[in-house]
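Trainee: dropping a prediction and its sequence here:
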Amino acid sequence: MAKNKKSKKEKKTSKIDANNDKENISLDDQLKVEKDKNLRLFAEFENFRKRTAKERLDLLSSANKELITKLLPVLDNFERSISANNFTENDGPVIIYNQLKQELVKNGLKEIENPIGKELDTEFHESITNVPAPKKELKNKIVDVIEKGYLLGEKVIRYAKVVVGN
């Protein structure tokens with residue numbers, strides 16, 4: 001029993017010492033601790049602000065992406081119609097096509113450059129089929145483009161559908 005009483009006494013004195021230590025912490029140390037807390041809170045808030053701003057921009061670009069992706073077949077049909085009917089630059093469909101394309105370009109749409117004669121790059125092209133190469137130089141290179149590819153900013157929103165020569 002004496003041991004139990006002694007251990008309880010030791011516990012009480014250690015609690016008192018801990019309280020005295022807290023009181024003995026200098027004001028400078030307390031100030032440093034509070035400044036550190038404040039700095040961490042400010043940094044956390046800055047990260048939150050930057051993250052939400054980025055998410056907002058991503059949301060706007062993804063909204064544009066969906067709309068632009070839906071308009072790409074319309075753009076393709078305009079191109080087919082213009083080439084099939086031999087319209088001139090002053091004809092209505094060509095004017096409407098140019099206006100539509102300008103608006104899409106203003107919103108970040110870029111056409112992937114014509115890949116004919118270049119090697120297949122799977123980051124931008126999708127091979128639809130292989131055909132015998134008409135020339136030796138076109139072996140294992142792109143021979144024809146079935147459907148144009150497009151970028152929105154730096155991201156591919158539609159891969160160019162191409163034919164590769166064997």
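Mentor: Here it is on my side, so go on. Residues are numbered from 1 along each chain as shown.

Trainee: helices and strands around the longest helix anywhere in the chain, which ones?
Mentor: In the chain, assigned by DSSP state H, the helix with the most residues is helix 27-85. Here helix 27-85 touches helix 92-106, strand 150-152, strand 155-158, going by 3 or more Cβ pairs under 8 Å, 6 or more residues apart in numbering; DSSP states H and E. No exception for glycine: its C-beta is placed from N, CA and C like everyone else's.

Trainee: ok, Val164 - how many residues close by?
Mentor: 20 (other Cβ atoms under 10 Å).

Trainee: quick one on the thing from earlier: distance from the longest helix of the chain to the middle of the chain?
Mentor: Counting by Cα atoms, centre = their mean, to the nearest Å, helix 27-85 is centred 8 Å from the centre of its parent chain.

Trainee: what about that helix, average pLDDT?
Mentor: In this model, helix 27-85 has an average pLDDT of 91.

Trainee: likewise for stretch 112-126?
Mentor: 91.

Trainee: what's the span of that stretch, first residue to last?
Mentor: 12 Å (Cα to Cα, to the nearest Å).

Trainee: pull out the buried positions in it.
Mentor: Ile112, Pro115, Phe124, His125 (16 or more other Cβ atoms under 10 Å).

Trainee: pull the residues that contact that stretch.
Mentor: 127, 137-138, 140-145, 148-151, 156, 159-162, 164 (Cβ atoms under 8 Å, 6 or more residues apart in numbering).

Trainee: which of those residues are buried?
Mentor: Buried among those by 16+ other Cβ under 10 Å: 138, 141-145, 148-150, 159-162, 164.

Trainee: on that earlier part again, can you check what angle separates the longest helix of the chain from helix 92-106?
Mentor: Interaxial angle, helix 27-85 versus helix 92-106 (axes from the mean of the first three to the mean of the last three Cα atoms, to 10 degrees): 170 degrees.

Trainee: about what we covered before: and which of the buried residues of stretch 112-126 is nearest Thr69?
Mentor: When the buried residues of stretch 112-126 are compared for distance to Thr69 (Cβ to Cβ), Ile112 wins out at 14.5 Å.

Trainee: so how far is Leu72 from that closest one?
Mentor: As defined by Cβ to Cβ, to the nearest Å, Ile112 lies at a distance of 12 Å from Leu72.

Trainee: overlap in contacts of these two?
Mentor: Tyr150.

Trainee: and Asn64, how far is that from Glu103?
Mentor: Taken as Cβ to Cβ, the span from Asn64 to Glu103 is 11 Å.

Trainee: can you list contacts of whichever strand or helix holds Lys161?
Mentor: Take DSSP states H and E as the rule and Lys161 turns out to sit in strand 160-165. With Cβ under 8 Å, 6+ apart as the test, strand 160-165 has contacts from 112, 115, 120, 124-134, 138-149.
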